[in-house]
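*Asks:* Sharing a model that was predicted from the sequence below.
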Amino acid sequence: MKRVAIIGAGPAGIEAAAVLANRNMEVLLFEKSLNTLSNLLDKAYLFPDFSLASDRVDKLNKKLLHPNIKLCCDTEIVDIKKDGDEWKVIDSKNTSYLTSAVLLTTGYSVFDAKRKEELGYGIYNGVITSVDLEKMIKYNQIENAMGEPPKRIVFLQCVGSRDEKSGNNYCSKICCVTAVKQAIEVKKLMPDTDVYIFYMDLRMWGQSFEEMYRESQEKYDVSYVRGRISEAASTFDKKIQIKAEDTLVGLPMKMTTDLLVLMVGMEASCGTKALADVLQIKGEYGFAQSLNCHLQDNETTQQGLFIAGSCKRPMGINETLADARSASVIIMDYLNACQENNDNRNQE
């Protein structure tokens with residue numbers, strides 16, 4: 001039985017492990033955290049169908065019950081190197097594992113909003129991130145700095161994305177639709193709350209996303225302002241005053257809000273950056289670099305080393321799962337080809 005090491009037990013890692021295990025492969029699935037699916041655990045609902053994130057977590061975790069999968073949580077992989085025809089995977093306790101192939105699914109981290117000091121995150125209690133708001137929605141505890149239901153919420157797009165000052169010129173892809181989703185969720189829970197979304201331009205990447213955007217305006221009365229917020233400050237009554245420019249009319253504006261929600265973008269995780277560096281496949285912004293974005297997007301410059309999911313670039317969950325399945329097929333083809341070559345050499 002061929003053995004494959006998968007580094008990272010997020011959606012991509014679990015989905016790939018399940019596909020390979022069902023094809024009679026032995027899978028070692030490594031996760032440095034204590035739990036799998038850490039980026040999904042605090043989410044309430046998923047776009048575009050508003051399905052419960054907890055349901056998806058349960059269904060993905062059930063796939064790990066396959067006898068061909070060995071899950072190793074609280075195990076950080078610090079080195080991966082070629083060892084003859086196999087790969088040696090080494091964890092932080094210096095335990096090594098030999099495998100026939102390696103799949104990197106080390107995922108992403110969210111941008112640290114404290115790096116944008118002018119927006120006040122970590123300084124004013126009324127400034128939160130989209131991750132913070134998602135937790136509030138999940139537990140139905142949306143509160144302002146005074147512990148009261150907010151009468152107005154303002155979302156700001158592109159925090160840590162499409163921003164030369166933060167060093168990230170790329171689009172994080174899911175922030176726009178996440179703001180639309182969260183705005184609808186807020187209005188469902190608190191219909192009388194005024195909701196504004198400040199944006200550079202709106203990028204509705206997926207099927208049904210444009211319909212969600214239209215529904216947020218027509219059914220839930222969410223207001224959209226084309227413009228950037230340049231500064232946020234606390235007022236005497238613990239509200240947040242923002243300074244911005246409405247770029248459609250070309251005029252500056254001020255507004256007070258109970259909550260300012262920063263839509264933080266996706267960055268390469270620390271694990272992605274470290275292992276991509278070790279394996280010499282680090283691309284732009286620290287993400288892992290595939291061999292070719294069209295026909296060899298799961299392959300790398302090293303035979304037997306594969307990548308999938310948001311360790312390559314920002315992705316939504318559905319795209320991540322599809323990419324993991326694609327990587328699984330490529331890995332099976334690679335291992336079958338290796339077996340055929342070995343059989344041919346033995347016959348000679």
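*Replies:* Thanks, I have the structure now. Numbers count the residues shown, from 1 in each chain.
*Asks:* Could I get the full set of helices for this protein?
*Replies:* Residue ranges of the helices in the chain, as given by DSSP state H, are 11-22, 53-62, 130-138, 175-189, 209-218, 270-278, 317-347.
*Asks:* Leu248 against Arg226, yeah?
*Replies:* Yes: between Leu248 and Arg226 there is a contact at 4.8 Å, judged by CB atoms under 8 Å. Heads up, the C-betas are built off the backbone N, CA and C, glycines and all.
*Asks:* between those two, who's got more neighbours?
*Replies:* More crowded of Leu248 and Arg226, by other CB atoms under 10 Å: Arg226, with 15 against 10.
*Asks:* And the more buried one, how far from Phe198?
*Replies:* Separation of Arg226 from Phe198 (CB to CB, to the nearest Å): 8 Å.
*Asks:* cool, and Val249?
*Replies:* Separation of Val249 from Phe198 (CB to CB) stands at 14 Å.
*Asks:* quick one: which of the two has more around it?
*Replies:* For the pair Val249 and Phe198, the greater number of neighbours falls to Phe198 (26 against 10), based on other CB under 10 Å.
*Asks:* Glu76 against Ser92, yeah?
*Replies:* Yes: with contact defined as CB under 8 Å, Glu76 reaches Ser92; the gap is 4.5 Å.
*Asks:* Show me which of these two is the more surrounded one.
*Replies:* Set side by side, Glu76 and Ser92 show more neighbours around Glu76, with 16 against 12, by other CB under 10 Å.
*Asks:* neighbours around the nearest residue to that one once chain neighbours are set aside, how many?
*Replies:* Spatially, and ignoring its direct neighbours in sequence, Glu76 is nearest to Lys32 (3.9 Å; CB to CB, 6 or more residues apart in numbering). Lys32: 21 surrounding residues under other CB under 10 Å.
*Asks:* Over to Ser208?
*Replies:* 13.
*Asks:* Quick check: closest non-adjacent residue to it.
*Replies:* Pro48 (3.9 Å).
*Asks:* where in the stretch 151-300 of the chain is pLDDT low?
*Replies:* When residues are selected by pLDDT under 70, none of them lie in the stretch 151-300 of the chain.
*Asks:* would you list every one of the strands in it?
*Replies:* Per DSSP state E, counting those that start in this stretch, the stretch 151-300 of the chain carries strands over the ranges 152-159, 194-199, 223-226, 229-234, 240-246, 251-257, 259-264, 266-268.
*Asks:* Columns distance to Leu52 on top of the ones you listed, output as TSV?
*Replies:* What follows is the strands of the stretch 151-300 of the chain, written out as TSV (distance: least, CB to CB, whole Å):
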stretch	distance to Leu52
strand 152-159	22
strand 194-199	22
strand 223-226	27
strand 229-234	32
strand 240-246	31
strand 251-257	29
strand 259-264	21
strand 266-268	22
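*Asks:* which one of the ones you listed is the most hemmed in?
*Replies:* Greatest average neighbour count among the strands of the stretch 151-300 of the chain goes to strand 259-264 (a mean of 27), per mean count of other CB atoms under 10 Å.
*Asks:* coming back round to it: and the helices of the chain, which is most packed in?
*Replies:* The most buried one of these (mean count of other CB under 10 Å) is helix 11-22, showing a mean of 26.
*Asks:* which other helices and strands contact that helix?
*Replies:* For helix 11-22, the elements it packs on are strand 3-7, strand 26-30, helix 53-62, strand 69-72, helix 317-347, judged by 3 or more CB pairs under 8 Å, 6 or more residues apart in numbering; DSSP states H and E.
*Asks:* Please compute how far that helix lies from its chain's middle.
*Replies:* The chain centre lies 18 Å from the centre of helix 11-22; the measure is CA atoms, centre = their mean, to the nearest Å.
*Asks:* which residues are contacting that helix?
*Replies:* Under the criterion CB atoms under 8 Å, 6 or more residues apart in numbering, residues 4, 6-7, 9, 27, 29, 31, 36-37, 40, 60-61, 63-64, 66-69, 103, 105, 107, 308-311, 317, 320-321, 323-325, 327-329, 331-332 lie in contact with helix 11-22.
*Asks:* CA-only coordinates of it in PDB, if you can.
*Replies:* Extracted in PDB, the C-alpha atoms of helix 11-22 (Å, rounded to 0.1, in the frame of the first residue of the first chain):
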ATOM      1  CA  PRO A  11     -10.800  21.300   4.100                       C
ATOM      2  CA  ALA A  12      -8.200  20.600   1.400                       C
ATOM      3  CA  GLY A  13      -6.200  18.200   3.500                       C
ATOM      4  CA  ILE A  14      -9.200  16.300   4.800                       C
ATOM      5  CA  GLU A  15     -10.900  16.000   1.400                       C
ATOM      6  CA  ALA A  16      -7.700  14.900  -0.300                       C
ATOM      7  CA  ALA A  17      -7.100  12.300   2.500                       C
ATOM      8  CA  ALA A  18     -10.600  10.900   2.000                       C
ATOM      9  CA  VAL A  19     -10.200  10.600  -1.700                       C
ATOM     10  CA  LEU A  20      -6.800   8.900  -1.400                       C
ATOM     11  CA  ALA A  21      -7.900   6.600   1.400                       C
ATOM     12  CA  ASN A  22     -10.900   5.400  -0.600                       C
END
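*Asks:* Sounds good, over and out.
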